[in-house]
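Enquirer: Sequence plus predicted model, see below.
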Amino acid sequence: MTVRKNPLSRSLSGVKRTWLFAPHMSASDPKRTSCHGAKARLCIGLGIVVNRRGHMQRRGGSEQPVKGRRHRAIRPKARKAPIASVSAADLQEQLDRRTRELDEALEQQTATSEVLGIIRRSPADAQPVFDAIVQSAARLCGAIFGAVYLCDDDRLRIAATKNNTPEAARQLHEVQQLKRPERSNLGGRAILDRAIVHVPDVLEDPEYSRELALAGGWRAVLAVPLLRDGNPVGALTVAKAEPRPFSDRQIQLLNTFADQALVAIENVRLFEAEQQRARELSEALEQQTATSEVLKVISSSPSELESVFETMLANATRICEAAFGSLLLVEGDMLRRVALHNAPPTFAEFHNRSPIIDPQKIPDLKRLVGTKQAVHIADAAAENPDGPISKYAGARTLLVVPMLKENDLIGAIGIYRQEVRPFTAKQIELVQNFAAQAVIAIENARLLNELRQRTGDLSEALEQQTATSEVLKVISSSPGELEPVFQVVLENATRICEAKFGVLYRCENGAFYAAAMLNAPQAFVEFYRQRGSFTPPAGTPLDRLLNTGDTIYTVDDASEPNPGAPARFGGARSLVTVPMRKENKLVGAIIIYRQEVRPFTEGLSGGSFRSHAQG
């Protein structure tokens with residue numbers, strides 16, 4: 001079948017088509033489209049365009065107005081650019097890159113989680129945290145070296161390192177260990193600047209130590225300061241072998257590790273502060289308990305200084321962790337060691353042989369006497385190896401604290417260690433407190449003894465007055481009878497003077513005879529009954545009384561070269577012989593005897609009894 005072509009189509013086949021811009025025509029308005037569709041097609045076929053003013057114009061000719069509604073040329077919409085095709089290799093590369101980033105992020109999260117776990121498990125020890133941080137930081141940052149530095153006062157201390165060569169380790173210790181921060185290394189520079197320091201190639205940095213870089217074999221170095229309240233407490237550094245900068249992700253990671261190191265440091269600081277507080281409270285409680293024990297001993301035994309001194313030394317050596325202790329008292333220009341606690345046997349033996357010490361011959365005691373201040377010697381064996389405390393006790397560190405009463409030295413307390421380990425300020429203060437208590441104990445004992453002495457004197461005076469009244473009563477009731485008076489005198493004298501028996505002798509022309517006796521042993525009584533009047537043998541108490549006219553005190557009659565009859569027949573040991581005078585003439589004597597060696601004191605001379613007896 002033959003298809004015939006439209007003649008119009010043939011005639012327009014060579015004409016280039018032109019789009020019409022007709023805003024009044026719309027695809028969404030079928031009426032308008034159908035109304036003007038034929039005209040549009042005809043214009044296209046004839047190469048006619050309608051311009052913006054609504055005039056019809058053939059291409060290349062003059063314009064003519066379009067009859068009817070005005071038309072505007074329609075410009076074609078720009079077509080979207082076709083999507084470029086992506087190759088499988090590009091997609092695989094993007095996938096691999098994204099996978100690497102996710103793996104790195106996961107590895108970093110794992111590393112930081114591990115560090116946090118160590119912090120949680122070791123709140124009192126930051127060292128495991130530092131070790132884990134330098135390991136992870138070096139590995140995740142592609143570094144060959146990592147280090148944690150800490151500030152001790154104004155010095156740097158290397159707390160942890162990773163992958164250090166022996167030469168680099170030597171260089172680090174020479175340049176940095178316990179030295180002030182310097183700009184020759186990035187750890188010190190970050191501390192000084194309080195900021196992150198990043199040097200892609202330290203060999204090109206004029207301030208960096210070239211020797212250190214060459215010894216460690218690194219080029220790029222990154223350092224992050226550890227800041228607490230804006231103040232540096234250390235730094236974290238990593239170093240690469242090649243001169244290639246660290247990435248932003250690596251810098252951020254090192255910042256994270258630095259924060260974790262700070263958490264560990266702060267945990268340890270808080271833990272140590274709490275432990276220190278607990279130790280201080282425990283020490284204070286222990287010291288208060290020891291002080292209370294000493295005060296209790298002082299109050300319960302005010303006159304027994306030996307128990308007070310022993311309690312003091314026991315507490316001082318225990319709390320101050322000393323090996324042994326001693327207490328000395330001043331005696332004139334000398335010192336007497338009056339108490340020892342836990343002393344080595346060789347030193348105790350030396351003390352028993354030589355309790356008196358000349359302080360001028362011992363340097364530490366000489367210094368104590370001269371300054372009246374505590375003497376603390378770290379190593380006594382080094383200062384005075386021949387000193388008794390070093391020679392016989394093996395003492396090394398010693399502390400001697402003065403005992404002062406109104407700035408007068410009355411004694412000293414010494415505590416000693418057998419190793420070189422100085423005492424702390426609190427321990428020195430504790431011993432000084434014990435020294436003050438020792439002074440109180442000594443003063444209390446002195447006052448108590450004085451009080452007792454005064455009370456005893458008053459009691460004796462009252463007893464003597466009572467006895468005198470009794471004698472006077474007997475004299476007044478029996479004026480012509482001497483025997484009752486003599487018996488009362490002897491009875492009161494032996495009772496008040498705590499004697500066993502007594503004798504009252506009459507003296508006529510240098511001869512004595514027993515006028516009265518009280519509680520005398522029978523053998524003694526029989527001897528003097530048979531003896532009658534006698535002249536005392538030379539050297540006996542009565543003979544010495546005749547020659548001197550003074551009261552004669554005999555400590556032990558039995559130990560005399562020629563013991564008298566009282567010792568032989570009455571078992572007399574200590575005795576006192578008191579003269580009886582009338583108008584300065586010896587008329588007799590009173591002798592009282594003890595059967596044990598216990599000398600009479602001068603206060604018990606029996607003057608009142610003597611006067612009544614001779615009266």
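Expert: Nice, I can see it.

Enquirer: Of all the residues in the helix or strand hosting Cys507, which ones are buried?
Expert: In the assignment (DSSP states H and E), Cys507 maps to strand 501-508. By neighbour count on 16 or more other C-beta atoms under 10 Å, the buried set for strand 501-508 is 501-507. Heads up, the C-betas are built off the backbone N, CA and C, glycines and all.

Enquirer: same deal with stretch 362-380?
Expert: Burial within stretch 362-380, assessed by neighbour count using 16+ other C-beta under 10 Å, is assigned to 362, 364-365, 367-369, 374-377, 379-380.

Enquirer: which one of these sits closest to Pro166?
Expert: When these are compared for distance to Pro166 (C-beta to C-beta), Asp379 wins out at 36.0 Å.

Enquirer: if I pick the closest residue to the closest one other than its chain neighbours, what's in contact with it?
Expert: In space, and not counting its chain neighbours, Asp379 is closest to Val420: 5.0 Å by C-beta to C-beta, 6 or more residues apart in numbering. If you count contacts by C-beta atoms under 8 Å, 6 or more residues apart in numbering, Val420 has them with 378-379, 396-397.

Enquirer: just the CA coordinates of stretch 537-551, formatted as PDB?
Expert: Provided in PDB are the C-alpha atoms of stretch 537-551 (Å, rounded to 0.1, in the frame of the first residue of the first chain):
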ATOM      1  CA  PRO A 537      83.400   2.100 176.900                       C
ATOM      2  CA  ALA A 538      85.300   4.300 174.500                       C
ATOM      3  CA  GLY A 539      83.600   4.900 171.100                       C
ATOM      4  CA  THR A 540      80.200   3.900 172.300                       C
ATOM      5  CA  PRO A 541      77.300   6.400 171.900                       C
ATOM      6  CA  LEU A 542      77.300   7.300 175.500                       C
ATOM      7  CA  ASP A 543      81.000   7.900 175.500                       C
ATOM      8  CA  ARG A 544      80.700  10.200 172.500                       C
ATOM      9  CA  LEU A 545      77.800  11.900 174.200                       C
ATOM     10  CA  LEU A 546      80.000  12.700 177.200                       C
ATOM     11  CA  ASN A 547      82.800  14.000 175.000                       C
ATOM     12  CA  THR A 548      80.600  16.200 172.600                       C
ATOM     13  CA  GLY A 549      77.400  16.800 174.500                       C
ATOM     14  CA  ASP A 550      75.500  16.500 171.200                       C
ATOM     15  CA  THR A 551      72.900  14.100 170.000                       C
END
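
Enquirer: picking up where we left off before, closest one to Gly216 out of the contacts of Val420, please.
Expert: When those are ranked by distance to Gly216 (C-beta to C-beta), Ala378 comes first, at 40.2 Å.

Enquirer: The closest one contacts Thr397, correct?
Expert: Yes - under the criterion of C-beta atoms under 8 Å, Ala378 makes contact with Thr397 at 5.7 Å.

Enquirer: Touching both of those two, which residues are there?
Expert: Among the neighbours of Ala378, those also in contact with Thr397 (C-beta under 8 Å, 6+ apart) are 420, 422.

Enquirer: returning to that earlier point: which strands and helices lie in contact with whatever helix or strand comes next after the strand holding Cys507?
Expert: The C-terminal neighbour of strand 501-508 among helices and strands, as given by DSSP H and E, is strand 511-518. When contacts are defined as 3 or more C-beta pairs under 8 Å, 6 or more residues apart in numbering; DSSP states H and E, strand 511-518 sits against helix 482-496, strand 501-508, helix 522-531, strand 585-594.

Enquirer: closest to Ala343 out of these?
Expert: Ala343 lies closest to strand 585-594 among these, at 38.4 Å (C-beta to C-beta).

Enquirer: partners of the closest one, with directions?
Expert: In the sheet, strand 585-594 lines up against strand 501-508 (antiparallel), strand 574-582 (antiparallel) (DSSP bridges).

Enquirer: between the shortest one and helix 482-496, what angle do the directions make?
Expert: Meaning strand 501-508. Going by axes from the mean of the first three to the mean of the last three C-alpha atoms, to 10 degrees, strand 501-508 is angled at 140 degrees with respect to helix 482-496.

Enquirer: Quick check: the gap between Glu383 and Gly370.
Expert: Distance, Glu383 to Gly370, using C-beta to C-beta, to the nearest Å: 16 Å.

Enquirer: Sorry, wrong one. I was asking about Thr256.
Expert: Counting by C-beta to C-beta - Thr256 and Gly370 are separated by 62 Å.

Enquirer: Alpha carbons of stretch 328-338, as CSV, please.
Expert: Coordinates of the C-alpha atoms in stretch 328-338 are reproduced here as CSV (Å, rounded to 0.1, in the frame of the first residue of the first chain):
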residue,chain,number,x,y,z
LEU,A,328,67.5,11.9,132.0
LEU,A,329,67.3,14.3,135.0
VAL,A,330,69.6,17.2,135.8
GLU,A,331,71.8,16.7,138.9
GLY,A,332,74.0,19.8,139.3
ASP,A,333,76.2,20.0,136.2
MET,A,334,75.6,16.3,135.4
LEU,A,335,72.7,14.3,133.9
ARG,A,336,71.4,11.1,135.5
ARG,A,337,69.6,8.5,133.3
VAL,A,338,66.6,7.6,135.4
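
Enquirer: which other residues reach that stretch?
Expert: Residues contacting stretch 328-338 (C-beta under 8 Å, 6+ apart): 305-306, 309, 326-327, 351, 355-359, 365, 409-412, 414, 442.

Enquirer: Let's see that with 7 Å instead.
Expert: With contacts defined as C-beta atoms under 7 Å, 6 or more residues apart in numbering, stretch 328-338 is touched by 309, 326-327, 351, 355-359, 365, 409-412.

Enquirer: One more: stretch 200-208?
Expert: With contact meaning C-beta under 7 Å, 6+ apart, stretch 200-208 is reached by 183-184, 199, 210, 213, 219-221, 243-245.

Enquirer: Could you list which of those belong to helices?
Expert: Among the contacts of stretch 200-208, DSSP state H puts 210, 213 in helices.

Enquirer: Now which of the contacts of stretch 200-208 would you call buried?
Expert: For these, a neighbour count by 16+ other C-beta under 10 Å gives the buried set as 184, 199, 213, 219-221.

Enquirer: Quick check: which ranges of this protein have low pLDDT?
Expert: Along the chain, the parts satisfying pLDDT under 70 run over 1-86, 103, 111, 287, 294-295, 298-303, 463-481, 603-615.

Enquirer: one more time with 50
Expert: Along the chain, the parts satisfying pLDDT under 50 run over 1-46, 52, 59, 66-69, 71, 606, 608-615.

Enquirer: Would you map out the domains in it?
Expert: Per automatic domain parsing, the domain ranges recorded for the chain read 7-65, 100-271, 301-448, 478-614.

Enquirer: May I see these organised as a markdown table, with distance to Asp90 added?
Expert: Listed next are the domains of the chain as a markdown table, based on distance: least, C-beta to C-beta, whole Å:
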| stretch | distance to Asp90 |
| --- | --- |
| domain 7-65 | 39 |
| domain 100-271 | 16 |
| domain 301-448 | 73 |
| domain 478-614 | 121 |
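
Enquirer: so which of those gets nearest Glu280?
Expert: Among the domains of the chain, the nearest to Glu280 by C-beta to C-beta is domain 301-448 (8.5 Å).

Enquirer: Look up how far Arg452 lies from Ser459.
Expert: Distance of Ser459 to Arg452, computed by C-beta to C-beta: 10 Å.

Enquirer: My read is that Ile413 contacts Ala436, right?
Expert: No - using C-beta atoms under 7 Å, Ile413 is not in contact with Ala436; the gap is 10.1 Å.

Enquirer: Of the two, which one has the most company?
Expert: Taking neighbours as other C-beta atoms under 10 Å, Ile413 and Ala436 compare with Ile413 leading, 25 against 14.

Enquirer: Quickly list what that one is bridged to.
Expert: Those that pair with Ile413 in a beta bridge, by DSSP bridges, are Leu327, Val401.

Enquirer: List the contacts of it.
Expert: So Ile413 contacts 312, 316, 325, 327, 401, 403, 431, 434-435, 438 (C-beta under 7 Å, 6+ apart).
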